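# Sharing a model that was predicted from the sequence below.
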Number of protein chains: 2
Amino acid sequence: MITESLLRSYAALAVRQGVNVQKGQLLVIRAQVDSAPFVRLCVEEAYRANAGEVIVQWQDDLISKTAYEWADTEVLCQVPEWQKDREQHWVDRGYCLLNISSEIPGLMSAIDAAKIQQVTTARRRALEKFQDYTMSNQGQWCILAIPNPQWAQKVFPECDPEEAVDRLWQAILHSVRIDGRQDPAARWREHDEKLARQSEWLNRQQFTSLHFRNGLGTDLTVALPEDHLWAGGAEKTQQGIVFNPNMPTEEIFTMPMRTGVEGRVCATRPLSYQGKLIQNFWIEFEGGRAVRWHAEEEEETLSRLIEFDEGSCYLGEVALVDVDTPIFRSGLLFYNTLFDENASCHLALGRAYPMNLKGYQTLSEQQMKDRGCNFSMTHVDFMFGSEDMRICGVRADGTTVEFFRDGRFCIAEEK
Amino acid sequence: MITESLLRSYAALAVRQGVNVQKGQLLVIRAQVDSAPFVRLCVEEAYRANAGEVIVQWQDDLISKTAYEWADTEVLCQVPEWQKDREQHWVDRGYCLLNISSEIPGLMSAIDAAKIQQVTTARRRALEKFQDYTMSNQGQWCILAIPNPQWAQKVFPECDPEEAVDRLWQAILHSVRIDGRQDPAARWREHDEKLARQSEWLNRQQFTSLHFRNGLGTDLTVALPEDHLWAGGAEKTQQGIVFNPNMPTEEIFTMPMRTGVEGRVCATRPLSYQGKLIQNFWIEFEGGRAVRWHAEEEEETLSRLIEFDEGSCYLGEVALVDVDTPIFRSGLLFYNTLFDENASCHLALGRAYPMNLKGYQTLSEQQMKDRGCNFSMTHVDFMFGSEDMRICGVRADGTTVEFFRDGRFCIAEEK
């Protein structure tokens, strides 16, 4: 059984090591209404951590589904001015954001995908400028997840709902290094340091490209822009406040060269997108652009993702994850990107993180583009890591080094 | 056990007989996050009734309590522009409102009452002009309630939480005339007709004042303005859409003459206000104004209510309820005004309903005031009916008629 004390540890970890809310700062929490018991703990822990105000923006995916079933597309596409003003007001107040995710896998599977796409696009476009606030680390943000019965039974189909929820809680708490014994904050500091050492080694190499190969059919070259930066674990806001944007996190990641991706990547995990589950798929890239793809299930959904906008057929992220991480070793398939991306090397279609380019704070959007940074209104991770993954780095002088073998980093860490 | 089918009847009653949502209309639902399962049924039933869009404005009183405990008063008093714009946007769209109440009695009892008062006043003042939309029936609105475990255990202290919730559901469904056999819509039409006949009889009398007496110490004269109107049960918007603002409702009510209330009223039910429970209280009026009062419990809270603003020491409503109503006969004390006011004759401190004055649509606020209508940012009902209540009406020519005796109407209904 998951005790209240463990849940409170998780809430405290979220507001302190996660968003790291500052004294007097506004914290906005986005959460499902069914997550209320955990949200209440987060609100309390945030005030204990000296937050100035905590505002909860509630959502209910079941009601969203009903709206998709009944309301007109034009009605759902509307984004009234007050919603933009609300975002602007929070930006003006220098808020931080805690996103408590609790998705129901496949909830939208019976909904017309074109309608979802149209509504998502309209809403994203209307609120696009506010996405920047978190995407470019102007304020701290953190996304983590808590179970719901439907999700838990998808992960543990052999259990009754209550037992499944309990086991998913255990898996989640294990993944975020809460065990009820050791201090989770200390474990996170140690973990963040390990990821920082890996990033720093890669930053020193400044590989011009990476070559990924495994026995499942992946044979992919990903060029990296000049002055790319690897990051992972804790990040810093532009004002220097440290935070952990993802909990759990096991990845180090950087920005691919927009037009420099060639070859085929075979996914090793299903991808949940707009409530649909895309399974067993591959994508081929030429000149950076996805040109051919196939999925055994939900191929149309994969097409919608790739064709979402001008930038969604290019990559915005390449991330390396070791198979020795607790999530990979758990052997669980979470049907949730936040966890599954941390089990395995992955790529993202869509927008790149500006912070993965040195000096991004002073570059215009056009300058970022010229240097190889991809822009899009979407950013969707998909997994392609495996236990036989090998990665070779190519340096500017043409020398190569295989720094990742059998799914693991094989560099001697220089300290 | 309360079946899903009974709950769905209640949801359908709420959106059809309650707010009577029109084809293509925007319905806004205000509800607690813990009410989500019932809210989802209301959303579905609203779309089935051809609502154009349903928006849920979620609240969580437990988080509000935490905010009161931790956040600064000045922070909580802020009402950013986007909140006003949101209200205005809904008004512009001609919305209707369903308020699904689920209060926890006494939740705020440990919170500093002055802080609650200050925050409530600031927020009311900022949003005052939007209160008009429902107060003067520009759009349809309905308030009803659903149980929560804490409330249920207050009403049924001898039961465990689950059984208490079940019994409170039964009591609520009984009070709104849902029994799983007869058509609730037909029962509501019949009930609305009965209340309309009582109102019409009183409207024909045009009493200049009412004199209330019982053995508990109430001896109160309430003058009524010229051209006052009694109303009860179904109401109409200014565009003529019929709706039931309260479910349940057993009252017929009108507007007292602001300066024409004299004598003492003794409350017969506790009053829940700002999360506190005011018990065993009386109030004395002179020239319409509450001048002396006493409460055995929470007297300070009663003082805050009466001294809330300039208009809160005057009466805004006088309502007559027969002791033969299902709620009085149930013998239950609900600790919730929506129910308890329908067990018993009651008065309200604060704002009067403009619709209780003939021709109100064309009168300015000053003209309304001149004719005896009270204005305030608050409107709080309290109960003073009893089984030995007698009410005497005084006509303009000085003749009197005792039309209410032993807690019941004793008029021969003229048809």
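Good, I have the coordinates.
# what's the first-to-last distance across stretch A:281-299?
End-to-end span of stretch A:281-299 (C-alpha to C-alpha, to the nearest Å): 8 Å.
# What is the burial count for the residue in the stretch 201-350 of chain A positioned nearest to chain B?
Closest approach between the stretch 201-350 of chain A and chain B, counting by C-beta to the nearest C-beta: A:Gly275, at 16.8 Å. No exception for glycine: its C-beta is placed from N, CA and C like everyone else's. Counted with other C-beta atoms under 10 Å in any protein chain shown, residues neighbouring A:Gly275 total 21.
# Quick one, grab the pLDDT at the closest residue to it other than its chain neighbours.
Excluding the flanking residues, the one nearest A:Gly275 by C-beta to C-beta, 6 or more residues apart in numbering or on different chains is A:Met108, at 2.4 Å. pLDDT recorded at A:Met108 is 90.
# got it, and A:Gly407?
The model's pLDDT for A:Gly407 equals 93.
# Please name the residues that touch the closest residue to it other than its chain neighbours.
Among residues not flanking A:Gly407 along the chain, A:Val323 sits closest, at 3.6 Å (C-beta to C-beta, 6+ apart). Contacts for A:Val323 (C-beta atoms under 8 Å, 6 or more residues apart in numbering or on different chains) come out as A:329, A:343-344, A:385, A:387, A:406-408.
# What subset of these is buried?
By neighbour count, with 16 or more other C-beta atoms under 10 Å in any protein chain shown, these hold A:343-344, A:385, A:407 as buried.
# So which of these belong to helices?
Among the buried ones among the contacts of A:Val323, DSSP state H puts none in helices.
# I'd say the residue nearest to A:Gly275 and A:Tyr273 touch.
No: applying C-beta atoms under 8 Å as the test, A:Met108 and A:Tyr273 come out as separate, 9.6 Å apart.
# and which of the buried ones among the contacts of A:Val323 is nearest B:Val394?
Nearest to B:Val394 out of the buried ones among the contacts of A:Val323 is A:Ala343 (C-beta to C-beta; 82.1 Å).
# Please report the residue range of the longest strand in chain A.
Using DSSP state E to define each element, chain A has its longest strand at strand A:276-286.
# I'd say A:Leu168 and A:Lys154 touch.
No: with contact defined as C-beta under 8 Å, A:Leu168 does not count as touching A:Lys154 (9.3 Å).
# ok, those two, which is more surrounded?
Taking other C-beta under 10 Å, A:Leu168 and A:Lys154 do not tie; A:Leu168 has more neighbours (27 against 20).
# Show the contacting residues for the more buried one.
Shown in contact with A:Leu168 (C-beta under 8 Å, 6+ apart): A:147, A:151-152, A:155-156.
# can you check A:Ser64 too?
Applying C-beta under 8 Å, 6+ apart to A:Ser64 gives no contacts.
# Shouldn't it be within a helix?
Yes: using DSSP: H, G, I helix; E, B strand; the rest coil, the assignment for A:Ser64 is a helix.
# where's it relative to chain B, distance?
10 Å (C-beta to the nearest C-beta, to the nearest Å).
# can you check A:Val119 too?
If you go by C-beta to the nearest C-beta, the gap between A:Val119 and chain B works out to 12 Å.
# Pull the number of nearby residues for that residue.
A:Val119 has 21 neighbouring residues, counting by other C-beta under 10 Å.
# Which residue comes closest to it once chain neighbours are left out?
Leaving aside its sequence neighbours, A:Val119 sits nearest to A:Leu76 (C-beta to C-beta, 6+ apart; 4.6 Å).
# so which strand or helix has the one you found?
Using DSSP states H and E, A:Leu76 sits in helix A:73-77.
# Now do that helix: everything it contacts.
A:67-68, A:115, A:118-119, A:122-123, B:52-53.
# Name the residues of it that come out as buried.
A:76-77.
# what separates that helix from the chain centre, distance-wise?
Averaging C-alpha positions (C-alpha atoms, centre = their mean, to the nearest Å) puts helix A:73-77 27 Å from its chain's average.
# neighbours around the closest residue to chain B within the stretch 101-250 of chain A, how many?
For the stretch 101-250 of chain A and chain B, the shortest gap (C-beta to the nearest C-beta) falls at A:Asn148, measuring 11.9 Å. By other C-beta under 10 Å, the residues close to A:Asn148 number 20.
# quick revisit: nearest to A:Tyr353, out of the contacts of helix A:73-77: which one, please.
Ranked by distance to A:Tyr353 (C-beta to C-beta), the contacts of helix A:73-77 are led by A:Arg123 at 21.4 Å.
# quick one: that closest one is in a helix?
Yes: assessed by three-state DSSP, A:Arg123 belongs to a helix.
# Isn't it up against A:Val79?
Yes: judged on C-beta under 8 Å, A:Arg123 makes contact with A:Val79 at a distance of 5.7 Å.
# can you give me phi and psi for the nearest residue to A:Ser386 once chain neighbours are set aside?
Spatially, and ignoring its direct neighbours in sequence, A:Ser386 is nearest to A:Asn214 (4.8 Å; C-beta to C-beta, 6+ apart). Here is the backbone geometry of A:Asn214 (degrees, to the nearest 10): phi -150, psi 180.
# For A:Val291, see how far away A:Asn214 is.
Using C-beta to C-beta, to the nearest Å, A:Asn214 is found at 21 Å from A:Val291.
# Run through the residues of the stretch 251-400 of chain A sitting next to chain B.
If contacts are counted using C-beta under 8 Å from any C-beta of the partner chain, no residue of the stretch 251-400 of chain A sits beside chain B.
# Quick one: the strands in the stretch 251-400 of chain A, in order.
Taking DSSP state E, counting those that start in this stretch as the test, the strands found in the stretch 251-400 of chain A are A:252-254, A:261-266, A:271-273, A:276-286, A:289-297, A:315-320, A:346-350, A:379-383, A:390-394, A:400-405.
# packing partners for the fifth one?
Packed against strand A:289-297, as judged by 3 or more C-beta pairs under 8 Å, 6 or more residues apart in numbering or on different chains; DSSP states H and E, are the following elements: strand A:276-286, helix A:299-306.
# got those as a markdown table, with distance to A:Cys42, mean pLDDT and mean neighbour count columns?
Formatted as a markdown table, the helices and strands packed on strand A:289-297 follow (distance: least, C-beta to C-beta, whole Å; pLDDT from 0 to 100; neighbours: other C-beta atoms under 10 Å in any protein chain shown):
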| stretch | distance to A:Cys42 | mean pLDDT | mean neighbour count |
| --- | --- | --- | --- |
| strand A:276-286 | 29 | 95 | 19 |
| helix A:299-306 | 31 | 96 | 19 |
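# Among the contacts of helix A:73-77, which lie within strands?
Applying DSSP E to the contacts of helix A:73-77, the entries found in strands are B:Glu53.
# Show me which of the contacts of helix A:73-77 are buried.
Neighbour-count burial (16+ other C-beta under 10 Å) applied to the contacts of helix A:73-77 gives A:67-68, A:115, A:119, A:122-123, B:52-53.
# Read off the pLDDT value for the residue lying closest to A:Ala152 once chain neighbours are set aside.
The shortest distance from A:Ala152 to any non-neighbouring residue, by C-beta to C-beta, 6+ apart, is to A:Ala164 (3.7 Å). On pLDDT, A:Ala164 comes in at 97.
# what do you get for the one 5 residues further on?
Reading off the per-residue confidence, A:Trp169 sits at a pLDDT of 97.
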